[in-house]
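Colleague: I need the structure of the sequence given here:
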Amino acid sequence: MSGPYVIRGSVSLPEAELTWRFSRSSGPGGQHVNTSDSQVELRFDLAKTEALPPVWKERALAQLAGRLVDGVISVRASEHRSQWRNRETAAVRLASLLAEASAPPPKPRRATRIPRGINERRLREKKQRSDTKRGRTGRDWG
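Modeller: Okay, the predicted model is just below:
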């Protein structure tokens, strides 16, 4: 493994809380494909972890509720022939998933009025376009 996988800031995935499972992949391969376990399933117990701040944990549990099974999130990777590269891919995917799910909600949009000049310009351009298209008809071509 290439070190800790940072979720955001100084918070990273704890290696002790990650559960790995390997199986035969149905992806690309050659003669070696039937003997190597290259598909990786990475499981992380989100409900019981102490690695995330409580606020992040609540947000992530709410956002990922559809993907959780008994509070555990699972990520699979089988794109590569190498088990090591699949492990890297799965860990990075899990870290980015947790970062996205634990991110604070965006600030609500403040309603603003459309400036009068912009609206007038839009209507003027619509009128010009309408006149251009009306001028293309063959009524006056005799």
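
Colleague: L46: neighbouring residues, count only.
Modeller: 21 (other C-beta atoms under 10 Å). For glycine as for every other residue, the C-beta is placed from the backbone atoms N, C-alpha and C.

Colleague: That one touches V69, doesn't it?
Modeller: No. Applying C-beta atoms under 8 Å as the test, L46 and V69 come out as separate, 10.5 Å apart.

Colleague: Give the residue spans of this structure that score low on pLDDT.
Modeller: 1-3, 25-36, 140-142 (pLDDT under 70).

Colleague: what comes into contact with stretch 49-62?
Modeller: Residues outside stretch 49-62 that contact it (C-beta atoms under 8 Å, 6 or more residues apart in numbering): 7, 11-14, 17, 46-47, 68, 71, 98, 101-104.

Colleague: Most widely separated two among the residues you listed?
Modeller: Largest separation among those by C-beta to C-beta: E17 and P104, giving 23.4 Å.

Colleague: Which one of those two is surrounded by more residues?
Modeller: Legend: neighbour count by other C-beta under 10 Å for E17 and P104, higher for E17 (14 against 8).

Colleague: What separation do you get for that one and S78?
Modeller: Distance from E17 to S78, counting by C-beta to C-beta, to the nearest Å: 23 Å.

Colleague: Work out for me the element R59 sits within.
Modeller: Applying DSSP states H and E as the criterion places R59 in helix 54-63.

Colleague: do the same with T89
Modeller: Applying DSSP H and E, one finds T89 within helix 83-101.

Colleague: That helix relative to helix 54-63, how many degrees between them?
Modeller: Helix 83-101 and helix 54-63 are oriented at 100 degrees to each other (axes from the mean of the first three to the mean of the last three C-alpha atoms, to 10 degrees).

Colleague: that older thread, next secondary structure element downstream of the helix holding R59?
Modeller: On the C-terminal side of helix 54-63, the closest following helix or strand by DSSP H and E is strand 72-77.

Colleague: which residues touch that following strand?
Modeller: In this structure, residues lying in contact with strand 72-77 by C-beta under 8 Å, 6+ apart are 39-47, 64, 67, 86-87, 89-90, 93-94, 97-98.
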